[in-house]
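**Q** Whatever this is, show me its structure:
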Amino acid sequence: MTLEGHGERVVPVYAFTGGRTRAAGQELPLEAVVTTTGQSLTARGSLQMESRAILEMCARPRSLAEVGAALGVPVGVARVLVGDLANGGYLEVHLPRAADGDGGVGQELLGRLLDGLRGR
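**A** Residues are numbered from 1 along each chain as shown. From the prediction side, this is the model:
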């Protein structure tokens with residue numbers, strides 16, 4: 001894992017997921033926002049280091065893409081780890097709203113995306 005200030009990765013990325021490329025349950029989009037639940041506070045000691053790191057960073061809402069970038073892992077790995085934590089009740093996943101009737105991305109979603117980019 002390559003969190004800021006933690007140096008180079010020692011464990012291969014596939015070891016984080018046990019070689020899995022998909023989490024059980026729903027496929028999460030890149031823009032899905034995740035936050036911790038109350039259950040995450042009581043179970044942190046029993047989780048692996050990368051799972052604890054995800055829970056710490058998701059105390060504030062984070063997109064799936066941000067989680068992958070912060071961990072320094074491919075988005076597919078972040079999807080599996082986040083999906084597992086969500087299935088365990090440690091994270092809540094907030095999915096983006098469906099597209100407008102014309103099949104395009106909704107104006108509200110684009111506005112939120114721009115606001116987020118401006119806030120960086």
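
**Q** so residue 34 touches residue 61, yeah?
**A** Yes. Using CB atoms under 8 Å, residue 34 and residue 61 qualify as a contacting pair, with a distance of 7.3 Å. The way it works is simple: take the backbone N, C-alpha and C, and place the C-beta from them, glycine included.

**Q** more neighbours, the two?
**A** The neighbour comparison of residue 34 against residue 61 (other CB atoms under 10 Å) goes to residue 34, with 25 against 13.

**Q** Give me the phi and psi for the more buried one.
**A** Main-chain dihedrals, residue 34, degrees, to the nearest 10: phi -120, psi 140.

**Q** ok, now which ones touch it?
**A** Residue 34 makes contacts with 58, 61-64, 67, 82, 85-86, 91-94, as judged by CB atoms under 8 Å, 6 or more residues apart in numbering.

**Q** Ok, residue 33 next?
**A** Contact analysis of residue 33 by CB under 8 Å, 6+ apart lists 61-64, 93-94.

**Q** now do residue 85
**A** Residue 85 is in contact with 34, 40, 51, 54-55, 91, counting by CB under 8 Å, 6+ apart.

**Q** which residues of the protein score low on pLDDT?
**A** Low-confidence segments of the chain (pLDDT under 70): 1-19, 21, 40-41, 43-45, 97-106, 116, 119-120.

**Q** Buried members of the contacts of residue 33 into ChimeraX, please.
**A** Typed into ChimeraX, the line below selects the buried ones among the contacts of residue 33, using 16 or more other CB atoms under 10 Å:
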select :62,63,64,93
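
**Q** shared neighbours, residue 34 and residue 61?
**A** residue 94.

**Q** follow-up on the earlier one: now the contacts of residue 85: which count as buried?
**A** Buried members of those, counted by 16+ other CB under 10 Å: 34, 40, 51, 54-55, 91.
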